[in-house]
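**Student:** Sharing a model prediction with you, sequence too.
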Amino acid sequence: LVVEARDLKPVHGIGTNPYVRGRLGEHVRRSPTVWSNLRPAWNCLMEFPVVSTRGNIELEVMSRAPLFGSDTRLGYVSL
């Protein structure tokens, strides 16, 4: 369960549109985007099929940036 983020920094000095991308092996999940928010609450359940006990789950907090052409990574953790 991806719950929330706190105290995110603005991207390009104009705010942030955060979402979380989760990855386990080749399986990728994504939370909804929370527009213009530096303290987003997603409460998003990400389920992955577990086919091996090896490998890490990776979570990235990203900022969606449609005006700048590509999304920006705000944070990353590998568990």
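**Tutor:** Sure thing, it's come through.
**Student:** which stretches of the protein have low pLDDT?
**Tutor:** Within the chain, not a single segment meets pLDDT under 70.
**Student:** what residue is smack in the middle of it?
**Tutor:** The centroid of the chain falls nearest to V20 when counting by Cα atoms, centre = their mean (1.5 Å).
**Student:** give the contact list for the nearest residue to that one once chain neighbours are set aside.
**Tutor:** Nearest non-adjacent residue to V20, counting by Cβ to Cβ, 6 or more residues apart in numbering: S31, 4.3 Å away. Every residue, glycine included, has its C-beta placed from N, CA and C. Each residue near S31 by Cβ atoms under 8 Å, 6 or more residues apart in numbering is listed here: 2, 19-21, 42, 44, 46.
**Student:** With P10 instead?
**Tutor:** 16, 38.
**Student:** Check A41 too.
**Tutor:** A41 touches 3-4, 34, counting by Cβ under 8 Å, 6+ apart.
**Student:** mind redoing it with 7 Å?
**Tutor:** Under the criterion of Cβ atoms under 7 Å, 6 or more residues apart in numbering, the neighbours of A41 are 3-4.
**Student:** shift numbering so it begins at 20
**Tutor:** All right, first residue 20 from here; so that's A60.
**Student:** For V69, see how far away it is.
**Tutor:** Distance of A60 to V69, computed by Cβ to Cβ, to the nearest Å: 27 Å.
**Student:** Quick check: phi and psi on L64?
**Tutor:** The phi and psi torsions at L64 (degrees, to the nearest 10) take the values phi -90, psi 120.
**Student:** Hmm, it is touching V39, no?
**Tutor:** No. Assessed by Cβ atoms under 7 Å, L64 is found out of contact with V39, at 11.4 Å.
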